[in-house]
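Peer 1: Everything below, folded, please.
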Amino acid sequence: MIYAIALAVALFVYARMVGGVLVRVFAADVAATLLLYLVSVPLGNASVYDPYWSVAPIVILPLCIVSFGVWNAGTIALLFCVTYWGIRLTVNWAYTFRGYDHQDWRYTMLQEKSGALYPLVSLFGIMFFPTLVVFLCLMPALHYIQTGGMNLITLLGFALSISAATLQLVADIQLHRFQERSANRGQIIRSGVWRHARHPNYLGEILMWWGVYVVLLSVRPDLWLLGLGALTNTLMFLFISIPIAETRMAAYKDGFDRYVKETNRLLPIALKREKI
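Peer 2: Numbers count the residues shown, from 1 in each chain. Next up, the predicted model:
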């Protein structure tokens, strides 16, 4: 019901807003985010927002394709890429969902650290910032679908995005299977795609949006500045998401220091292991 109402609010704002398609879409995106924030306050749980940023692009993109009226092989292929990414991420959230009495540990940590400022941290840091990052990542797609077009580099961009989302899918499945075994509790996964990279799922998320950027660049190199979204997303993972995750892992994972020395952070490149 929460997400259905958020969608209704977004569509209402989109229909009533004055301006170009992209301006109206952004206003609708912000309105839906604000609604989710308002719902999260009485629930006392910012995780209400979690599935939104993976669902929003697979609503925004077809809405814009319809608005621009451009249906061709390129726009359909890009829609497939983004939908595949969004469904995978949303299904992964649903698989780990425990109910709204459970909040993401990162939000709880921010709540404890920010104290009385937490309402602002929740609104701008937990919700509006990811909404803005995802919208910036989606900007190359929203410009590409206005014309479409395809060449060899475009195909490479599609291949990169699909491969990145598939890497995330494989990483999720392997991690869930590892965590489901009681013998692995408190241990670090070091098999499959996790063997030579500490965050293959984050690597997939980063490469997904660089792939979308390559798709745009292949037909509109003059719009190279729209790579800001993929760059911002990359920096967010490198300087916020990964450090926070690894600080937590270091506190309870056995052998974490050795694991860091032996396993690359993102790129699956084998490092020299220390002899025991």
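Peer 1: for the chain, what spans make up the helices?
Peer 2: Under the criterion DSSP state H, the chain contains helices at 2-16, 21-43, 52-68, 73-96, 105-114, 118-120, 129-144, 152-180, 200-219, 228-236, 242-252, 256-262.
Peer 1: Give me the packing partners of the second one, helices and strands only.
Peer 2: If you count contacts as 3 or more C-beta pairs under 8 Å, 6 or more residues apart in numbering; DSSP states H and E, helix 21-43 packs onto helix 2-16, helix 52-68, helix 129-144. Any C-beta I mention is one placed from the backbone N, CA and C, and that applies to glycine too.
Peer 1: count of residues packed around residue 259?
Peer 2: 17 (other C-beta atoms under 10 Å).
Peer 1: these two touch, right, it and residue 197?
Peer 2: No: with contact defined as C-beta atoms under 8 Å, residue 259 and residue 197 do not form a contacting pair (11.5 Å).
Peer 1: Take the helices and strands packed on helix 21-43 and lay them out in CSV including mean neighbour count.
Peer 2: Output for those, formatted as CSV (neighbours: other C-beta atoms under 10 Å):
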stretch, mean neighbour count
helix 2-16, 15
helix 52-68, 19
helix 129-144, 21
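Peer 1: quick one: which of these is nearest residue 164?
Peer 2: Smallest distance to residue 164 across the helices and strands packed on helix 21-43 (C-beta to C-beta): 12.1 Å, for helix 129-144.
Peer 1: The closest one versus helix 152-180: what angle between them?
Peer 2: 150 degrees (axes from the mean of the first three to the mean of the last three C-alpha atoms, to 10 degrees).
Peer 1: residues in contact with helix 129-144?
Peer 2: Applying C-beta atoms under 8 Å, 6 or more residues apart in numbering, the contact partners of helix 129-144 are 22, 25-26, 29-30, 33, 49, 52-53, 56-57, 60-61, 64, 74-75, 78, 82, 209, 212-213, 215-217, 219-220, 223, 226-230, 232-233, 236.
Peer 1: Quick check on those: which are buried?
Peer 2: 22, 25-26, 29-30, 33, 49, 52-53, 56-57, 60-61, 64, 74-75, 78, 82, 209, 212-213, 215-217, 219-220, 226-227, 229-230, 233, 236 (16 or more other C-beta atoms under 10 Å).
Peer 1: How confident was the prediction at the residue nearest to residue 153 when sequence neighbours are not counted?
Peer 2: Excluding its sequence neighbours, the residue lying closest to residue 153 (C-beta to C-beta, 6 or more residues apart in numbering) is residue 218, at 3.7 Å. On pLDDT, residue 218 comes in at 97.
Peer 1: just checking, residue 218 touches residue 158?
Peer 2: No: if you go by C-beta under 8 Å, residue 218 and residue 158 don't touch, sitting 9.7 Å apart.
Peer 1: Which one of the helices of the chain lies nearest to residue 191?
Peer 2: Of these, nearest to residue 191 by C-beta to C-beta is helix 152-180, at 7.1 Å.
Peer 1: Isn't residue 207 up against residue 162?
Peer 2: No: between residue 207 and residue 162 there is no contact under C-beta under 8 Å: 10.3 Å.
Peer 1: So the two - more neighbours on which side?
Peer 2: residue 207 (21 against 17).
Peer 1: wait, what's in contact with that one?
Peer 2: 160-161, 163-164, 167.
Peer 1: What about those, which one has the most neighbours?
Peer 2: Result: residue 161 is most packed of these (other C-beta under 10 Å), 28 neighbours.
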